[in-house]
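**Q** Give the three-dimensional model of this entry:
(2 chains)
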Amino acid sequence: MGLELYLDLLSQPCRAVYIFAKKNRIPFELRAVNLLNCRVMLPNFLGEPVAPKTLTTTLAELEGILTLLEDKFLQDKAFLAGPHISVADLVAITELMHPVSAGCQIFESRPKLAAWRQRVEMVVGQDLFQEAHKVILQVKDRSPADSSTKQALMPRAQAMLQ
Amino acid sequence: MGLELYLDLLSQPCRAVYIFAKKNRIPFELRAVDLLKGEQVSKHFSKLNSLQKIPTLKDDDFVLTESTAILIYLSQKYHTDDHWYPAELQARARVHEYLGWHADFIRGTFGVMLWTKVLAPLIGTQVPEEKVCRNRTAIDEALDKLNARFLGNKPFLTGQQVTLADLMALEEMMQPFALGLDLYEGRPQLASWHKRVETFLGAELCEEAHRSIMSILEWNASKTIPTPAPEAHPNMLKRLSRIP
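**A** Predicted coordinates:
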């Protein structure tokens, strides 16, 4: 049977695993799993607005995390854990692409992080990087969910947005 | 200079590191960082670790944070018995599988009760009832998964022997346990697992490591816990706001 990877490229950790396997030419069967799940974009998908306070808090937290990433982990290094790419960079970049796909321009005001992103993309390979992020980058254009999907996702969404 | 471990035994990951080092007779200097006093946000400690978190390890010039990283580093450097962090590929993967899930579902969840019962009131605030309820549900759900998905019929979380996974899990369980929660009601398998891990570690070591957290309620009731320093408050309030 061999190696099977159950993934949805909407998910950050799934993308990290996908990119790692592809980049390292690890042979596997992709078993696509449909999740329909992400923190920032859910309200759009569900057609419900996010309370402004929640959004402000979330964005402020994101800012804090980005500063930490730059000042504590990246610093003056080429990659997060040293001069070479590691799984740390994969895990981080796939997480950061999430708010990017929601329209947060996190790299615009942070040249250090932007440069790091370029480096990661280059090592991973532009084609593979684009391929892994195709789903997430298109999710904004998805039309709102039908009422049964909304019903199923609503409790989870509400808990996450508290 | 040697190995220094910056710890406060009120903290679950600090206890895991402490117990691991002691059990394996790893020589180290204990550098106490008082969380209740807010020493982790002091200028002095921030110089060592700008993340203002403990446990922190300092091995000559090498400074390392994150309990998982510290435990793995110690296990490799001091060549501890294989069962802690097995060399065999799949056995090791299981440890990481547990630790990954632990980071999302146990960490942050099992520490809330200390905030609810002791830390929030210390700085004159409260965790809203709604969050307290949500936390209890989260604890229940996590325990069910711990039992069914990880422990199952095995003696330990990832197999036949104690690993870093069991140590990390045990110390998280101690937190609500010390705060009076009957975690294992209706969960005899988990109760047995808890006993089994403590037996392996040794009663004396467990008693020593758990003394601080086990006496927190009594200390709190005596109303003699000093109020955390003002510079610690913003951090504490931020931490409180992150309780879902």
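**Q** contact partners of stretch A:73-91?
**A** A:12-13, A:16, A:19-20, A:69, A:92, A:112-113, A:116, A:119-120, A:123-124 (CB atoms under 8 Å, 6 or more residues apart in numbering or on different chains). (Each C-beta comes from the backbone N, C-alpha and C, glycine too.)
**Q** can you count the residues close to residue A:120?
**A** 21 (other CB atoms under 10 Å in any protein chain shown).
**Q** What of the one 4 residues further on?
**A** For residue A:124, the number of neighbouring residues by other CB under 10 Å comes to 20.
**Q** hang on, isn't it packed against residue A:20?
**A** No: using CB atoms under 8 Å, residue A:124 makes no contact with residue A:20, being 9.1 Å away.
**Q** So the closest residue to residue B:60 other than its chain neighbours: helix, strand or coil?
**A** Leaving aside its chain neighbours, residue B:60 sits nearest to residue B:1 (5.6 Å; criterion: CB to CB, 6 or more residues apart in numbering or on different chains). At residue B:1, secondary structure determined by DSSP: H, G, I helix; E, B strand; the rest coil is coil.
**Q** What parts of chain B come near chain A?
**A** B:50, B:51, B:131, B:134, B:241, B:244 (CB under 8 Å from any CB of the partner chain).
**Q** one more time with 7 Å, if that's ok
**A** Within chain B, the positions adjacent to chain A are B:50, B:51, B:244 by CB under 7 Å from any CB of the partner chain.
**Q** circling back: the residue nearest to residue B:60 - how many residues pack around it?
**A** 8.
**Q** and it, how far is that from chain A?
**A** 23 Å (CB to the nearest CB, to the nearest Å).
**Q** How about residue B:69?
**A** 11 Å.
**Q** How about the longest helix along chain A, which residues are buried there?
**A** Longest helix in chain A, counting residues (DSSP state H): helix A:52-68. For helix A:52-68, the neighbour count (16 or more other CB atoms under 10 Å in any protein chain shown) marks A:58, A:62, A:66 as buried.
**Q** Filter the residues of chain B next to chain A down to the ones in helices?
**A** The helices, defined by DSSP H, take in nothing from the residues of chain B next to chain A.
**Q** Dump the residues you listed to JSON lines, plus pLDDT and neighbour count.
**A** Below are the residues of chain B next to chain A laid out as JSON lines (pLDDT from 0 to 100; neighbours: other CB atoms under 10 Å in any protein chain shown):
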{"residue": "B:50", "pLDDT": "90", "neighbour count": "12"}
{"residue": "B:51", "pLDDT": "89", "neighbour count": "15"}
{"residue": "B:244", "pLDDT": "91", "neighbour count": "14"}
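**Q** where does the residue nearest to residue B:60 land on pLDDT?
**A** pLDDT, residue B:1: 73.
**Q** Hmm, it is touching residue B:59, no?
**A** No: judged on CB atoms under 7 Å, residue B:1 makes no contact with residue B:59 at a distance of 8.7 Å.
**Q** Just the strands from the chain, written as ranges.
**A** This is for chain A. Taking DSSP state E to define them, one finds strands in chain A at A:4-7, A:29-32.
**Q** oops, I was thinking of chain B
**A** For chain B, the strands defined by DSSP E cover B:3-7, B:29-32, B:56-59, B:62-65.
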